[in-house]
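J.: here is a sequence with its predicted model. Questions after.
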Amino acid sequence: MRSIYGRLNRRFGIRLSSRDRRPSVAEKVAPQERKPTATVHAMRLAMSATLRPRVAIVGGGLAGLMAGHQLIDYCDVTIYEARDRFGGRVWSQPRSGGGLVEAGGELIGYNHPIWLSLAKEFQLGLSVITSDSNFDALDLDMPLYLDGKKRSDRVLRRVYDEMTDAFNKMSRRAKDIDPHRPWRAANAGKLDQRRLSDWIAKLNCSRLTKIAIEEQFTNDAGQSTDQQSYLANLAVVKGGALPKHCNAFFSQTETLRCSEGNDALAKCLAADTQKKGGTLHKSTPVHAIDIGEDHVTIKAEGKAPDVFDYVVLAIPPSLWPGAENPTVAITPDLPLDYHVTMGTAVKYLSPLKTRFWIGEGLAPTATSNQFGVTWEGTDNQIAAPGNDVELSLFAGGPVAQDALDQLRTGGMAAVDRFYRDRIGAIYAGYAASLASNPKFMAWPDDPWTRAGYSCPAPGDVCRAGPLLAKAFHKRMFFAGEHTCFAYFGYMEGALQSGKRAAANILKAGLGPS
C-alpha cells in the first residue's frame, strides 16, 4: 500500500529523525526478541520431550510459516502449501536484467516489530524507500490527482494539514483500544457498527480533504469506506503506533523494503523449520479437515489421510466453506460467523527501457483515482547501465475492480489498454518505453487467494474477533492477517497471527495447570 497521506507527509511533513525514532522502534521490537521465562521454557521442553504434539499447518504463507517456526522446537510440524512456492501473497519476482520486484506485499514499517526482529535473526537487509525530497533535487513533479484534477503544492499543503489534524484525532481516539482484542473496548459494538464513511462525513475539514481521506482508505484497504468498520480502523491505527508517537501508523508504515525480496523471509522461515525436522509440502492443497474428539484428520492432494493433534488454518476466509470458491471442507461445519470481509487489490508491473519520466519532468510516484498509485519497483536497486527498470502500480477497491472486469471480459489485451490509457494520461512516454509485456497480479482471481487482503466490514470485529482468537472445537486454531486486527492487511499481521496461534497450541498442549 502507498497512501496519499504517506506521500504528502514525505513532501510536507517534519521527518522523524533517527535519533527520535530509534528508541521508539527499539521499545516496540524488544518484546519480540525477549526470551521465554525459565518456567515457560522448562514447561515447553517438558512437553517437547514427552508429548511432541503433531501439528498440521494448512497454508505456507507468512502466517503458517511463522506458526511452524514457533512450534518446531516443541512439536512435530507438517506444513501443507497448495502453491509450488512458499510465501502466499508475498512474492518477490526476479527480473531478467537483475534485481526483483514485489508482486504482492511490499512495504515494511518501522512499526512492524516481528518483521524487524526476524530481519535481524535471519540477517536480511532493509532499504529505505526513496524520499520525495530526492525527486525535488532533480526538480521532478510528483503528480497527485484529487477529484479528477491535478492539484498544486499550495492546495496539497492545505489538504495535508487538514489530514494531519483528522488523523491525529483518530490516533488519540485509538489510544484506549487494545488492538489485538478491540472487541473488548468500551462501546465496542457501537464503534464496530459505525461505518468509516460516517466518521469522515463528520470531520471538520474541506470537501477536497474528505475526498483525499476517502480515496486513501478505499485504495489502501480495498473496500469503499461505507463497507469498513470504524473500530477495525482504530485497531490498526493503535497497532501501528510507536511509543511517544501515537500517529506513527500514518507516517511510519510505508518506510522499508527487504533488500533480498520480501519472500526471502518466507524462504528463511521454511528452511529453518525444515532444518529442525519439520515436514513441508508444496503443491499439496488440503481438501478436507476433519476435527474429532482427540485428533484432526487432514486429507491432502496426493497424500494418504494423516492424523494430527492440532491444525492451524492459515488460508484466507475467501477459501473457507461458505465462500464463493471454497477449497477446503471442514467438519464440523465452520459457521459463517468466523468469516472476515476481504478487500479487492491488484498490482500491475511494467518493465521499462529507461526512466523516461525524468525527461518528462516527472517522478515515478503518481496518485489518481483513475488507476491507483505508482512508484518505481526497482527503487534503490543498483544495476549496470542499460538494464530495464520497472514501474509498479497498486490499486484497491473500485478502481481495482474496474481492472479485474477488463480481464474477465477482454483478457490481458483489455487490461493493457486500460492501463496504457490511464497511465499514459499522466506519463506520455509510458507505452513507447515498455521493454516487454507488463504483468497483472490479479490476486482476487488467484485460485489460492481469491481476494486481496482483509478489510473488516461493520460488525466483523465483534462477531468474528473473539471466535478467531480461540480454538474451533479445541483442535483447530486460526492464523492469517485477517485474524490480527492490529495489523490487518499487512505482512506484520500474518506474522503476529502465526506467533499467536503457536502460543495457543503450546498452551493447549500443556493442558490445564
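T.: Yep, that arrived.
J.: name all residues that make contact with Gln32.
T.: Pro113, Ile114, Leu116, Ser117 (CB atoms under 8 Å, 6 or more residues apart in numbering). Placement of C-beta: from N, CA and C, glycine included.
J.: so which of those belong to helices?
T.: Pro113, Ile114, Leu116, Ser117 (DSSP state H).
J.: may I ask which helix or strand encompasses the residue nearest to the last one when sequence neighbours are not counted?
T.: So the one you mean is Ser117. Distances taken as CB to CB, 6 or more residues apart in numbering put Gln32 closest to Ser117, at 4.2 Å, once the chain neighbours are dropped. In the assignment (DSSP states H and E), Gln32 maps to helix 18-33.
J.: same deal with Val155?
T.: Per DSSP H and E: Val155 is located in helix 153-174.
J.: right, and the helix or strand after that helix?
T.: Past helix 153-174, the next helix or strand by DSSP H and E is helix 188-193.
J.: ok, Cys462 - contacts?
T.: Counting by CB under 8 Å, 6+ apart, Cys462 has contacts Trp183, Ala188, Gly189, Asp192, Leu231.
J.: mind checking which of those are buried?
T.: Trp183, Ala188, Asp192, Leu231 (16 or more other CB atoms under 10 Å).
J.: name the nearest residue to the third one, sequence neighbours excluded.
T.: Nearest non-adjacent residue to Asp192, counting by CB to CB, 6+ apart: Leu231, 4.1 Å away.
J.: wait, is the one you found part of a strand?
T.: No: assigned with DSSP: H, G, I helix; E, B strand; the rest coil, Leu231 falls outside any strand and is helix.
J.: just checking, Gly489 touches Ala451?
T.: No: with contact defined as CB atoms under 8 Å, Gly489 does not reach Ala451; the gap is 11.0 Å.
J.: find the residues that touch each one of the two.
T.: Shared contacts of Gly489 and Ala451 (CB under 8 Å, 6+ apart): Gly343.
J.: and Gly68, how many residues sit next to it?
T.: Number of residues near Gly68 (other CB atoms under 10 Å) recorded here: 29.
J.: tell me who's in contact with it.
T.: For Gly68, the contact set (CB under 8 Å, 6+ apart) comprises Ile57, Val77, Ile79, Leu269, Ala270, Thr273, Gly278, Leu280, Gly498.
J.: ok, 7 Å please
T.: Applying CB atoms under 7 Å, 6 or more residues apart in numbering to Gly68 gives the contacts Ile57, Val77, Ile79, Thr273, Gly278.
J.: which of these sits closest to Ile289?
T.: Distance to Ile289, by CB to CB, is smallest for Ile57 among the contacts of Gly68, at 11.4 Å.
J.: from Thr297, how far off is the closest one?
T.: 15 Å (CB to CB, to the nearest Å).
J.: got it, and Asp20?
T.: Distance check for Asp20 against Thr297: by CB to CB, it reads 53 Å.
J.: how distant is the lengthiest helix in the chain from the center of its chain?
T.: The residue-count maximum for a helix in the chain (DSSP H) belongs to helix 398-424. Distance, stretch centre to chain centre, for helix 398-424: 23 Å (CA atoms, centre = their mean, to the nearest Å).
J.: partner strands of the next helix or strand after that helix and their direction?
T.: The first helix or strand that comes after helix 398-424 along the chain, using DSSP H and E, is strand 439-441. Here strand 439-441 is paired, per DSSP bridges, with strand 345-352 (antiparallel).
J.: show me where the stretch 201-350 of the chain has helices.
T.: With DSSP state H, counting those that start in this stretch as the criterion, the stretch 201-350 of the chain has helices at 207-221, 230-239, 248-251, 263-275.
J.: got the buried residues for stretch 268-275?
T.: Of the residues in stretch 268-275, Cys268, Leu269, Ala270, Asp272, Thr273 count as buried by neighbour count, 16+ other CB under 10 Å.
J.: how much space between the first one and Phe86?
T.: For Cys268, the distance to Phe86 equals 10 Å [CB to CB].
J.: for the fourth one, same thing?
T.: Note on Asp272: its distance to Phe86, by CB to CB, is 12 Å.
J.: which residues sit in contact with Gln228?
T.: Counted by CB under 7 Å, 6+ apart, Gln228 has contacts Arg195, Leu196, Phe217, Ala221, Cys455, Ala457.
J.: who's in contact with the fourth one?
T.: Put plainly, it is Ala221. Contacts for Ala221 (CB under 7 Å, 6+ apart) come out as Gln228, Gly343, Gly396, Cys455, Gly489.
J.: which residue, other than its chain neighbours, is closest to it?
T.: Using CB to CB, 6+ apart, the closest residue to Ala221 is Cys455 (4.3 Å).
J.: distance between the ends of stretch 358-370?
T.: Taking CA to CA, to the nearest Å as the measure, stretch 358-370 stretches 22 Å from start to finish.
J.: next one: Asn233 from Asp73, what distance?
T.: Relative to Asp73, Asn233 is positioned 37 Å away (criterion: CB to CB).
J.: higher neighbour count, the two?
T.: Per other CB under 10 Å, whichever of Asn233 and Asp73 has more neighbours is Asn233, with 26 against 14.
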